[in-house]
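**Student:** turn this into a structure:
(chains A and B)
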There are 2 protein chains.
Amino acid sequence: MATEATATGGTIAGEEAELDALCRDMAQKAKRAARALATLGPGAKDAWLAAAARALEARGDELLEANALDVAAAPGLGLNAAAVDRLTLNPKRIGEMARSLLEVAALPDPIGEVVRSSKRPNGIDVVQVRVPLGVIFMIYESRPNVTVDAAAIGVKSGNAAILRGGKEAIHSNRALHRILADELAPHGLPEHAVQLVPTTDRAAVGKLLALPEFVDLAIPRGGEGLIRRVVAEARMPVMKHYDGICAVYVDEAADPDVATRIIVNSKAQRPGVCNAAETLLVHRAIAPTWLPEAAKALKAAGVALRADDKARAIVPDATPASPEDWDTEFLDKILAVKVVGSMDEAMDHIARHGSSHTEAIVTRDLATARRFVAHVDSSAVMVNASTRFNDGGQLGLGAEIGISTDKYHARGPCGLRELTSTKWVVYGDGQVRE
Amino acid sequence: MATEATATGGTIAGEEAELDALCRDMAQKAKRAARALATLGPGAKDAWLAAAARALEARGDELLEANALDVAAAPGLGLNAAAVDRLTLNPKRIGEMARSLLEVAALPDPIGEVVRSSKRPNGIDVVQVRVPLGVIFMIYESRPNVTVDAAAIGVKSGNAAILRGGKEAIHSNRALHRILADELAPHGLPEHAVQLVPTTDRAAVGKLLALPEFVDLAIPRGGEGLIRRVVAEARMPVMKHYDGICAVYVDEAADPDVATRIIVNSKAQRPGVCNAAETLLVHRAIAPTWLPEAAKALKAAGVALRADDKARAIVPDATPASPEDWDTEFLDKILAVKVVGSMDEAMDHIARHGSSHTEAIVTRDLATARRFVAHVDSSAVMVNASTRFNDGGQLGLGAEIGISTDKYHARGPCGLRELTSTKWVVYGDGQVRE
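**Tutor:** Here you go, the predicted model:
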């Protein structure tokens, strides 16, 4: 089709064909690497992780040099101070990346785990075992440590990883990838187990998302725009994370001190993350006594309140809440506050305005706690504990690659197990079906 | 937009809006029903299943009357004799449907099952429990028994079901749905736990597939055209099943009698289903002695062979295989036969031509069996057992709603557990993050 094109058209078509070929080649190599990775035991994978950790520290200068190029280019790309900080590497952060590789090495290998098994009446032995998904395509933004985490979690779970970081971090990511990849073959892993998309051309993402025959899963990690684009274009499953509009419900039977500690921690310990609380729902029976205390503690933690009329009758210096406040992920030290007449009203509010991410109840009443847990349909429901515990490390999964707000395949923090599938294996001695 | 339309355009726009409203209303009702279903224990669900089984038999005449309308209309819809047979109900088939409801009632309830749990160093108790997916939209073709199975499996796993059968079975499906639905409210289940799309308008499918905020999973069951259409249109996950191009590999260390029994059963016991074998791969060391015996047994079972040159040198009356035969799901008593020089060649053939559905090896050698199981990436791998065992009932899952050829979420037979998600629950006494 493109052979008759004009000079310019020919060049564009030629570049397009080149990018097509590059992406297809990467994806095919990843698929072949995935086949080899699937049958490796934990020994080789863990040896690679340990060697990569040592290499990150040994080759720190090479990393810092590459990172300096990204940091120097950052203002030209319009990065603000916070973004430049996230991008910047230093020996401490390199040490943290190395440690995270060792932490992944220390986790149990999910591959080969028996999920279910039985002996059937006809004598066959039936086993469902965990196997890798295959090829994982990770698309992320400026933090270079995601390159290390995604490679480690991907390979440890037996998958080949194709990494695509932001253009702001391209030099850092290339250096990190080089160091990780250099250790693959010496430890018996396929050389294409971890690949970095070499071009910053945005079209490469679309090309790879159109190859479901090679790429088994796409994981976008970043702003909502990136996630929506990946969801719209991907022809394979997408593991993703939308909003975290999390609520804390303080029941009439709450311990007031526990309630204060939990709302302050849920809101203010790290307000910019998805499992931070955005909404406080307070039972009217406890509001008059507890809310003034809570407001004082929240104010001391730097939190501004947006309150409904009933709450403002108790804490008059709070800003009036607007209707949009109930549906907003503030990602900041702002908290929407509402007084409710019953737990049912609180649960209705959560069902209507929440994002099914994380909710918490504070109560001393067992039946109330059980009913809240049963009825609230969120990826994590906390009883007398901070919303901030919805995290792979805190829940005991080890390293995570993100928090899924979907219900299909994975829900909540996604660690090694969430990057696997299963296979049925049947052992018999000649059984057939009647 | 449509208010200024011409008379005809207005009518079409009006019908479109009506269908939109109908589908949205069904989906919303299903979502509300799903919320109520999620918190029901097994008692009410199993009582409904048992009552529905009794009602199917008690109201058999009503069913047969409705079914007679479909059977009478079938020739006009172009159904062939086999399709009319699949459509036809009789007292025996009604009894089978009633029994299948009782079998689902007897299965353990997957909801509330603890998947993982731990106590963390800070004292919180972490539990991952099984919860329903929510609303399941099932799109299927002519067999009316799917209406019963989908309703039973959907509700038992705590999900609301929206059913959309083929227009050939519309009267039968309406009668079945009426009987199942009449038993919902008396047993404490939400009345919209099971809904049947009332119109045969194909556009209704597209409308429901465009409502991911209400419908959590689409399950097409039928021909490839239906499945591809649903995959293309669905904005929610799709549980699906493409080809079953299954192979049996007869190793040099195979027990010849076991090998013959397994290939005959895998191919001929029910050739029209997805877990029937389409390809026989024979090691060259055993081919000269075994293949003539096997060919005789296969011929006796009515199976025609399509063989490569090496196999035809041994069984000369076989038809020469064409290149397409290796990639064809015959769904008939036809078997493609190839002699291979090694197990690696067999596994390469499977990787290139198979559909990752079901493969079998026949061997007495343990190391060979282990290597085949590790390297062959299919939803089920059989060692000295028929491919026909890749089935929910045979593997011990109980009733199944289909066999997934995907790796994400569910792989292989999909029973109750495959229609669930999970939720993290944390119990603490005031813990917060440091």
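
**Student:** which helix or strand lies directly C-terminal to the lengthiest helix in chain A?
**Tutor:** Secondary structure of chain A per DSSP state H: the longest helix is helix A:7-37. Sequence order places helix A:42-58 as the next helix or strand after helix A:7-37, per DSSP states H and E.

**Student:** sorry, back to before: gap between the longest helix of chain A and the chain center?
**Tutor:** Centroid separation for helix A:7-37 versus its chain: 28 Å, with C-alpha atoms, centre = their mean, to the nearest Å.

**Student:** what does stretch A:134-147 give?
**Tutor:** Relative to its chain's centre, stretch A:134-147 lies at 10 Å (C-alpha atoms, centre = their mean).

**Student:** how about stretch A:345-360?
**Tutor:** Distance of stretch A:345-360 from its chain centroid, counting by C-alpha atoms, centre = their mean, is 21 Å.

**Student:** with stretch A:196-213 instead?
**Tutor:** 20 Å.

**Student:** is any residue of that stretch near chain B?
**Tutor:** No. Stretch A:196-213 is not in contact with chain B by C-beta under 8 Å from any C-beta of the partner chain; minimum separation 10.1 Å. Heads up, the C-betas are built off the backbone N, CA and C, glycines and all.

**Student:** swap in stretch A:413-429?
**Tutor:** Yes. Using C-beta under 8 Å from any C-beta, stretch A:413-429 comes into contact with chain B via A:P413, A:S421, A:T422, A:K423, A:W424, A:V425, A:V426, A:Y427, A:G428, A:D429.

**Student:** for whichever residue of the stretch 101-250 of chain A sits closest to chain B, what are its contacts?
**Tutor:** Chain B sits closest to A:P237 of the stretch 101-250 of chain A, with a gap of 4.2 Å, by C-beta to the nearest C-beta. Listed by C-beta atoms under 8 Å, 6 or more residues apart in numbering or on different chains, the contact set of A:P237 reads A:D216, A:L217, A:A218, A:Y408, A:H409, B:P237, B:D406, B:Y408, B:H409.

**Student:** strands - which of the residues you listed land there?
**Tutor:** If you go by DSSP state E, the contacts of A:P237 have A:L217, A:A218 in strands.

**Student:** show me what the helix or strand where A:D149 lies is packed up against.
**Tutor:** According to DSSP H and E, A:D149 maps onto helix A:145-156. Packed against helix A:145-156 by the contact rule (3 or more C-beta pairs under 8 Å, 6 or more residues apart in numbering or on different chains; DSSP states H and E) you find helix A:42-58, helix A:91-106, strand A:135-140, strand A:160-164, helix A:170-182, strand A:194-196.

**Student:** of all the ones you listed, which one is nearest B:P198?
**Tutor:** With C-beta to C-beta, the closest approach to B:P198 among these belongs to strand A:135-140: 41.8 Å.

**Student:** give me the angle between the closest one and helix A:170-182.
**Tutor:** Here strand A:135-140 points in a direction 150 degrees away from that of helix A:170-182 (axes from the mean of the first three to the mean of the last three C-alpha atoms, to 10 degrees).

**Student:** strand partners of strand A:135-140, parallel vs antiparallel please.
**Tutor:** Note on strand A:135-140: by DSSP bridges, its sheet partners are strand A:160-164 (parallel), strand A:217-221 (parallel).

**Student:** want to throw those strands into a markdown table with distance to A:A50 and mean neighbour count?
**Tutor:** Listed next are these as a markdown table, based on distance: least, C-beta to C-beta, whole Å; neighbours: other C-beta atoms under 10 Å in any protein chain shown:
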| stretch | distance to A:A50 | mean neighbour count |
| --- | --- | --- |
| strand A:160-164 | 18 | 27 |
| strand A:217-221 | 25 | 25 |
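
**Student:** now those in CSV, with mean pLDDT?
**Tutor:** Shown next, in CSV, are the strands paired with strand A:135-140 (pLDDT from 0 to 100):
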stretch, mean pLDDT
strand A:160-164, 98
strand A:217-221, 96
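
**Student:** how about TSV for those, with distance to A:W326 added?
**Tutor:** Shown next, in TSV, are those (distance: least, C-beta to C-beta, whole Å):
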stretch	distance to A:W326
strand A:160-164	36
strand A:217-221	27
